[in-house]
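S.K.: coords please:
(2 chains)
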Amino acid sequence: MKLRREFSERAGVGCERRSFNLALADALVTEGMLDVALAVAAGALARTESRGAHYRTDYPRRDDENWLRHTLAFYTPEGPRLEYSPVTITRWPPAERKY
Amino acid sequence: MERVKFRVFRFDPESDEAPYYVEYDVPYRPGMTVLDGLLYILEELDGSLAFRYSCRSKICGSCAMTINGRERLACETQVKELGRLIRVEPLPNLPVIRDLVVDIDPFLRKMEAVMPYLVPREEGASEIRVSPEEFRRYRSPSDCIWCAACYAACPAAFSNPYFLGPAALTQLYRFYVDSREDESVKPIRLVIADDDSAGVWRCHQAYACAEVCPKHIRPGDLIAELKRAIFKARLSGRI
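M.R.: Model prediction:
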């Protein structure tokens, strides 16, 4: 969040051209990536389990009872706000993958 | 090879009276492409450089430019095969928007003019089977990624602004020989190809198109095929 604020307040673009300003395009992409990174990090921090590629040494087990649900992250200027929605289960009931 | 020099064409029609060249010193690393070099310049040396790119892997056709005098994709051209001095310029025969970026609208208008899409023979049919033999007829031309390298290299397109050029005629051929297309559309395609100032007869078979095509398509061969088809259609009274 600090990095995101720093970026908003202090990042500049060295090119002032009006057409094909790749430096400006990169800055906008970086800004978007910071927002997405914050949403991913906040969701991962709240999700106190391990599931697929989301692996936490402090919560190494999958927890369907509490976490079989989607994380929805909403942008706010103070940082991402998290909500959750239920998983619709149709043909394949979810189960732990073992290889 | 430790470092290479990129000699880059620069021009901003908004502020520059004439184009000029800027030399950039770029550290070489194994596997480096010309596009990698341009991205290094953009990120480390000069954020004002303009060029067009997207996929970095010869799929999208965005980064066609003139590299050491030849129309090529920056993303597939290895720095290693070019030596220590690399001259990078925009594609010829298209107006420069800025630096290495050209306005591809004139090219796209010609692509659109040949109806670059399938008009299927059975209306509403969800699936029309194609045999491997049928597909072989347009396997190569269907690889075209619309990069405009052939159009920029073509001497006939350069000297005649009406000429559709190798890429558009490749598209035309590609659908003309497609077995799924409605037979009633074939003569229309031939009539477009037969146009006196825009069509196949303006091709002088210089084969610059085949020389530069990153997908190894041979538009000159396809144009010759179209000439033959037009001739036959005329003799038999189909067009």
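S.K.: every contact and neighbour count from this point should use C-alpha atoms.
M.R.: Fine.
S.K.: go through chain B and flag its longest helix.
M.R.: Determined from DSSP state H, the single longest helix within chain B is helix B:219-235.
S.K.: that one - contacts with which helices or strands?
M.R.: Applying 3 or more C-alpha pairs under 8 Å, 6 or more residues apart in numbering or on different chains; DSSP states H and E, we find helix B:219-235 packed against helix B:165-176, helix B:186-193, helix B:208-212.
S.K.: who are the packing partners of the second one?
M.R.: To tie it back to what came earlier, the one meant is helix B:186-193. helix B:165-176, helix B:219-235.
S.K.: which residues does the shortest one contact?
M.R.: To tie it back to what came earlier, the one meant is helix B:165-176. Applying C-alpha atoms under 8 Å, 6 or more residues apart in numbering or on different chains, the contact partners of helix B:165-176 are B:110-118, B:138, B:141-142, B:144, B:146, B:148, B:150-151, B:154, B:156-157, B:181, B:186, B:189-190, B:193, B:199-200, B:203, B:209, B:219-220, B:222-223, B:226.
S.K.: generate a PyMOL selection restricted to the buried subset of those.
M.R.: The buried residues among the contacts of helix B:165-176 can be selected in PyMOL (16 or more other C-alpha atoms under 10 Å in any protein chain shown) with this line:
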select buried, chain B and resi 110+111+114+115+116+138+141+142+144+146+148+150+151+154+156+157+181+186+189+190+193+199+200+203+209+219+220+222+223+226
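S.K.: would you mind finding the most buried of the helices and strands packed on helix B:186-193?
M.R.: Among these, helix B:165-176 has the highest mean neighbour count (mean count of other C-alpha atoms under 10 Å in any protein chain shown), at a mean of 26.
S.K.: what segments of chain A are strands?
M.R.: A:69-74, A:81-86 (DSSP state E).
S.K.: can you list the residues of chain B near chain A?
M.R.: Residues of chain B lying near chain A by C-alpha under 8 Å from any C-alpha of the partner chain: B:42, B:47, B:48, B:49, B:50, B:51, B:97, B:98.
S.K.: is it fair to say the fourth one lies in a helix?
M.R.: No - counting by DSSP: H, G, I helix; E, B strand; the rest coil, residue B:49 is located in no helix; its state is coil.
S.K.: contacting residues for it?
M.R.: Contacts of residue B:49 by C-alpha under 8 Å, 6+ apart are A:21, A:22, B:10, B:41, B:42, B:99.
S.K.: which one of those residues is nearest residue B:79?
M.R.: Nearest to residue B:79 among the contacts of residue B:49: residue B:41, at 14.0 Å, using C-alpha to C-alpha.
S.K.: the closest one touches residue B:26, doesn't it?
M.R.: Yes - Residue B:41 lies in contact with residue B:26 (C-alpha atoms under 8 Å); the separation is 7.3 Å.
S.K.: show me which residues of chain A sit near chain B.
M.R.: Within chain A, the positions near chain B by C-alpha under 8 Å from any C-alpha are A:14, A:15, A:16, A:17, A:19, A:20, A:21, A:22, A:23.
S.K.: got phi/psi on the spatially closest residue to the first one that is not a sequence neighbour?
M.R.: Nearest in space to residue A:14, with sequence neighbours left out and distances taken as C-alpha to C-alpha, 6 or more residues apart in numbering or on different chains, is residue B:47 at 6.3 Å. When quoted as degrees, to the nearest 10, the phi and psi of residue B:47 stand at phi -70, psi 0.
S.K.: residue boundaries of the helices in the chain?
M.R.: Since you didn't name a chain, this refers to chain A. Remark: helices assigned in chain A by DSSP H are A:2-10, A:22-46, A:64-67.
S.K.: think we crossed wires, I meant chain B
M.R.: Using DSSP H, helices in chain B cover B:34-40, B:105-113, B:132-136, B:149-153, B:155-159, B:165-176, B:186-193, B:208-212, B:219-235.
S.K.: need the contact list for residue B:111.
M.R.: The contact partners of residue B:111, by C-alpha under 8 Å, 6+ apart, come to B:164, B:167, B:168, B:171.
S.K.: for residue A:68, see how far away the second one is.
M.R.: In this case it means residue B:167. Using C-alpha to C-alpha, to the nearest Å, one gets 52 Å for the distance from residue B:167 to residue A:68.
S.K.: what of residue B:81?
M.R.: Note on residue B:81: its distance to residue A:68, by C-alpha to C-alpha, is 54 Å.
S.K.: please identify which of those two sits among more neighbours.
M.R.: Counted by other C-alpha atoms under 10 Å in any protein chain shown, residue B:81 and residue A:68 do not tie: residue A:68 has more neighbours, with 16 against 8.
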